[in-house]
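1. Give the three-dimensional model of this entry:
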Amino acid sequence: MTNYLKTLGYGFAIALFALLAYTAYTRFAGTASNAGVVGGPFTLIDQNGRTVTDKDFKGRWLIVYFGYTHCPDACPTALNNIGATLDQLGAKRSRVTPIFITIDPARDTAATLKSYVASFGPEFVGLTGSDAAITAAEQAYHVYAAKHPTTDGGYDMDHSSVLYVMDPDGRFVTNFADETDPATLAERLKSLIP
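-> Numbering: from 1, shown residues only. Purely as a prediction, here's the structure:
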């Protein structure tokens with residue numbers, strides 16, 4: 001009887017974990033009912049030192065990614081994938097703006113972002129701002145970001161790594177993992193963009 005109860009308990013725990021994981025995943029699925037859950041207004045500084053808001057991007061499809069220029073792997077991989085995706089969009093390329101929002105505004109100044117995003121393509125926009133403005137953008141997109149001290153006295157940033165697709169009205173449409181291959185991402189975007 002004890003083994004049966006123990007097995008039943010494990011089964012219940014696994015089922016509960018699966019339900020919670022599924023709920024968390026579907027919460028951000030790109031459905032009309034969740035269109036207002038991700039994203040929102042922001043006021044940040046672009047790589048040219050200009051103040052921009054979310055309204056400046058109305059009328060354009062956006063691929064929004066949060067990261068930082070000192071990131072050793074996830075960020076450059078994601079941005080390279082976005083650049084390769086744009087290359088596969090054909091005529092629809094001109095309707096898409098990739099936006100890189102820093103999670104490390106202390107180091108990622110407008111000048112730093114300018115040289116960084118330029119290496120991924122001319123369409124890329126880099127955004128920085130005050131700590132408060134970046135935190136507000138992170139919260140709007142449900143981004144996790146935290147400073148992680150390194151042994152040399154510096155720091156890295158731990159962060160979620162998600163590509164957010166926003167429609168021309170600024171509404172969340174869908175999201176992709178940072179390692180999504182460009183062909184898959186391009187096909188999905190082609191089906192979304194009229």
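
2. Domains in the chain, by residue range?
-> 1-30, 38-192 (automatic domain parsing).

3. Pick out the shakiest of those domains, pLDDT-wise.
-> Lowest mean pLDDT within those: domain 1-30, a mean of 42.

4. Comparing the domains of the chain, which comes out most buried?
-> Most buried of the domains of the chain, by mean neighbour count (mean count of other CB atoms under 10 Å): domain 38-192, with a mean of 17. To be clear about C-beta, it is placed using only N, CA and C from the backbone, and glycine gets the same treatment.

5. so what's the backbone phi/psi at the nearest residue to residue 192 once chain neighbours are set aside?
-> Counting by CB to CB, 6 or more residues apart in numbering, residue 192 lies nearest to residue 173, which is 6.2 Å off, once chain neighbours are set aside. Dihedral pair for residue 173: phi -110, psi -50, per degrees, to the nearest 10.

6. how far away is residue 69 from residue 188?
-> Remark: distance between residue 69 and residue 188 (CB to CB, to the nearest Å) = 27 Å.

7. er, residue 151 actually
-> The gap separating residue 151 from residue 188 is 41 Å, by CB to CB.

8. Quick one: the helices in this protein, in order.
-> 2-27, 74-87, 110-118, 131-140, 182-192 (DSSP state H).

9. list the helices and strands the second one packs on?
-> To tie it back to what came earlier, the one meant is helix 74-87. strand 61-67, strand 96-102, helix 182-192 (3 or more CB pairs under 8 Å, 6 or more residues apart in numbering; DSSP states H and E).

10. Rebuild those as CSV, extending it with distance to residue 47.
-> As requested, those are exported to CSV (distance: least, CB to CB, whole Å):
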stretch, distance to residue 47
strand 61-67, 14
strand 96-102, 9
helix 182-192, 23
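
11. For residue 165, which non-adjacent residue is closest in space?
-> Counting by CB to CB, 6+ apart, residue 173 is the residue found nearest to residue 165 once chain neighbours are left out, at 4.7 Å.

12. got the contact list for residue 179?
-> With contact set as CB atoms under 8 Å, 6 or more residues apart in numbering, residue 179 has these partners: 77-78, 81.

13. rerun at 7 Å
-> By CB atoms under 7 Å, 6 or more residues apart in numbering, the contact list for residue 179 reads residue 77.

14. Perfect, that will be all.
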